[in-house]
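Visitor: okay, sequence plus prediction incoming.
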Amino acid sequence: MSVVVAHQASTIGQVALREAAKEASLRHAPLAVIHVAEGVDLDVVEAHKAGVGDQITKVLTEIGLDDLEWTLQVTTGEDVGEAVLDVVGAIDAELLVIGARRRSPVGKLFLGSVTQNIILHADVPVLVVKAPAA
């Protein structure tokens, strides 16, 4: 069983990656990183893998977990939440870690909430992390 993290190239994505790596280390489990490349053709996915892989390696080194076993799956999709849940369903996951940012109630109404969708529909426990206050 593995700890899965939904990765995004942002501050909150880095926070989620750090917490997921710590959880994987504590559980003696491998880390599975999911990166959804929105609206990108599958031809471009390999380029994303290299860049995201470098980011993951950098974060794991920074927190002293560079020996942690991890895999990266880059996928595409218009609905990020659905794409993440599809991959989680295919992986033997024991925990899903996601990052959340603050949004106003009106923002959630008009734009929807990927985090909320994932929490409501995931078949595994979900750990939601947020960036520390500035």
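Guide: The structure has been received and is ready for your questions.

Visitor: mind listing what the residue nearest to residue 1 when sequence neighbours are not counted touches?
Guide: Of all residues not flanking residue 1 in the chain, residue 94 sits nearest, at 4.0 Å (CB to CB, 6 or more residues apart in numbering). Where you see a C-beta, it was placed from the backbone N, CA and C, and this is true even at glycine. Residues in contact with residue 94 (CB atoms under 8 Å, 6 or more residues apart in numbering) are 1, 2, 3, 27, 29, 124, 125.

Visitor: now list the buried members of the residues you listed.
Guide: In these, burial by neighbour count holds for 2, 3, 29, 124, counting by 16 or more other CB atoms under 10 Å.

Visitor: which of the residues you listed sit farthest apart?
Guide: Farthest apart among these by CB to CB are 29 and 124. That separation is 12.3 Å.

Visitor: where in the chain is pLDDT low?
Guide: Applying pLDDT under 70 to the chain flags the ranges 38-44, 103-112, 134.

Visitor: would you map the helices across it?
Guide: Taking DSSP state H, the helices of the chain run over residues 11-27, 42-62, 80-90, 105-111, 114-121.
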